[in-house]
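S.K.: next input, structure requested:
(one chain, ligands or ions: 1)
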Amino acid sequence: MIRLDEVSKSYGGALAVDRVTLTFEAGRTTALIGSSGSGKSTLLSLIVGLEPPDAGTIEIESHLLSQKSAPHLRRLMGYVIQDGGLFPHLTARRNIELMAREDGWSAERRAARLDELCRLTRLCGVALDRYPAELSGGQRQRVSLMRALMLDPDILLMDEPLGALDPLIRADLQDDLAAIFERLRKTVVIVTHDLSEAAFFAERIVLMNHGRIVQTGRFADLVERPADAFVTRFVRASTRRLTATPSDAGPS
Ligand SMILES: Nc1ncnc2c1ncn2[C@@H]1O[C@H](COP(=O)(O)OP(=O)(O)OP(=O)(O)O)[C@@H](O)[C@H]1O
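M.R.: Numbers count the residues shown, from 1 in each chain. This is a model prediction of the structure:
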């Protein structure tokens with residue numbers, strides 16, 4: 001579905017993505033994880049075609065991604081970023097419908113699709129007529145997800161979609177997203193800093209460090225068979241907090 005072959009990208013001489021070869025299988029959810037600055041967002045923006053790689057090739061559904069093919073291939077991909085990336089001067093509804101309007105969908109077709117997406121993301125009613133600044137962070141992410149899904153793309157790319165949310169809203173959206181991924185069976189790539197979140201969403205986790213892929217596997221593979229010392233440190237740092245129970249912090 002998505003195939004990267006020896007893909008590299010640098011900014012000002014510093015490598016952000018370093019010879020990455022990777023395949024994302026159709027209908028599966030993959031979590032892209034790594035420390036800050038490891039190249040996760042850059043990798044996603046290369047896949048979306050927002051910028052070209054310096055070297056290597058990217059194929060989307062067997063089509064080579066190039067400057068020429070990018071506008072067409074981008075329509076196969078829904079893209080959600082951390083703060084939602086919504087246009088502030090448009091209502092939620094207008095944000096969601098943007099691409100469909102551009103494509104000349106009739107009002108009835110737009111309304112029917114919006115109705116489906118409302119039920120899927122559990123965001124309906126007056127919220128849709130609010131501007132992004134009038135929505136909560138969780139609602140904004142639901143709107144952003146609806147916008148990404150409006151044209152029913154095969155691929156859904158999400159860059160830290162839950163990063164800015166409080167733990168309760170985050171848990172709520174995690175549950176909903178997992179159910180949506182399960183139901184829609186799209187090819188999903190979700191970027192997160194959080195190993196437990198990665199394991200929650202995806203059977204396959206891709207761990208990056210300094211622009212390179214350090215290990216690909218299930219959560220258990222990373223824990224039980226770390227590829228190198230970085231993986232061990234990353235897993236330890238991520239799971240340390242998980243082993244503490246509320247009573248550990250309370251009075252004895
Ligand atoms: N547009 C840009 N111009 C210059 N440098 C960039 C640009 N985008 C990314 N970088 C650099 O490339 C490297 C990788 O950044 P990237 O945002 O892809 O990492 P990340 O793993 O997504 O980090 P985070 O988890 O903090 O979002 C970093 O050193 C970053 O400073």
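S.K.: pretty sure Ala227 is touching Val214, no?
M.R.: Yes. Under the criterion of Cβ atoms under 8 Å, Ala227 makes contact with Val214 at 5.8 Å. Every residue, glycine included, has its C-beta placed from N, CA and C.
S.K.: tell me which of these two has more neighbours.
M.R.: Counted by other Cβ atoms under 10 Å, Ala227 and Val214 do not tie: Val214 has more neighbours, with 18 against 15.
S.K.: using CSV, list the CA coordinates for stretch 205-225.
M.R.: The C-alpha atoms that make up stretch 205-225 are tabulated as CSV, following Å, rounded to 0.1, in the frame of the first residue of the first chain:
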residue,chain,number,x,y,z
ILE,A,205,5.3,-0.6,15.9
VAL,A,206,8.1,1.2,14.0
LEU,A,207,10.7,2.7,16.3
MET,A,208,12.9,5.6,14.9
ASN,A,209,16.0,7.2,16.2
HIS,A,210,18.1,9.9,14.4
GLY,A,211,16.1,9.5,11.2
ARG,A,212,16.6,5.8,11.0
ILE,A,213,14.4,2.8,11.7
VAL,A,214,15.9,1.0,14.7
GLN,A,215,13.3,-1.7,15.1
THR,A,216,10.0,-2.9,13.7
GLY,A,217,7.8,-5.3,15.5
ARG,A,218,5.1,-5.9,18.1
PHE,A,219,5.3,-4.4,21.5
ALA,A,220,6.4,-7.7,22.9
ASP,A,221,9.3,-7.8,20.4
LEU,A,222,10.5,-4.4,21.5
VAL,A,223,10.4,-5.4,25.1
GLU,A,224,11.7,-9.0,24.9
ARG,A,225,14.0,-8.7,21.9
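S.K.: so, in contact with the ligand or not, that stretch?
M.R.: No. Counting by Cβ under 6 Å from any ligand atom, the ligand is not contacted by stretch 205-225; separation bottoms out at 6.6 Å.
S.K.: contacts for that stretch?
M.R.: For stretch 205-225, contacts defined as Cβ atoms under 8 Å, 6 or more residues apart in numbering pick out 8, 15-22, 30-35, 38-40, 42-43, 195, 198-199, 203-204, 226-228, 230-231, 234-235, 239.
S.K.: please, where are all the helices along this protein?
M.R.: Assigned by DSSP state H, the helices in the chain fall at 40-48, 70-74, 92-102, 107-121, 137-149, 167-184, 195-201, 219-224, 229-240, 246-249.
S.K.: for the record, mean pLDDT for the shortest one?
M.R.: Averaging pLDDT along helix 246-249 yields 50.
S.K.: can you check the second one too?
M.R.: Confidence for helix 70-74, expressed as mean pLDDT, is 91.
S.K.: pLDDT score for Arg170?
M.R.: So Arg170 comes in at 84 (pLDDT).
S.K.: correct me, but it touches Leu162?
M.R.: Yes. Using Cβ under 8 Å, Arg170 makes contact with Leu162 at a distance of 4.9 Å.
S.K.: comparing those two, which residue is more hemmed in?
M.R.: Leu162 (24 against 19).
S.K.: surely the more buried one and Glu197 touch.
M.R.: Yes. Using Cβ under 8 Å, Leu162 makes contact with Glu197 at a distance of 7.1 Å.
S.K.: how many residues are close by Glu97?
M.R.: Glu97 has 22 nearby residues by other Cβ under 10 Å.
S.K.: got a list of what the closest residue to it other than its chain neighbours touches?
M.R.: Spatial nearest neighbour of Glu97, excluding adjacent residues (Cβ to Cβ, 6 or more residues apart in numbering): Arg110 at 5.2 Å. Neighbouring residues of Arg110 by Cβ under 8 Å, 6+ apart: Glu97, Ala100, Arg101.
S.K.: redo that, cut-off 10 Å
M.R.: Contact analysis of Arg110 by Cβ atoms under 10 Å, 6 or more residues apart in numbering lists Arg93, Ile96, Glu97, Ala100, Arg101, Asp103, Met150.
S.K.: and whatever residue of the stretch 101-250 of the chain ends up closest to the ligand, what are its phi and psi?
M.R.: The minimum distance from the stretch 101-250 of the chain to the ligand, using Cβ to the nearest ligand atom, falls at His193 (5.8 Å). Here is the backbone geometry of His193 (degrees, to the nearest 10): phi -90, psi -10.
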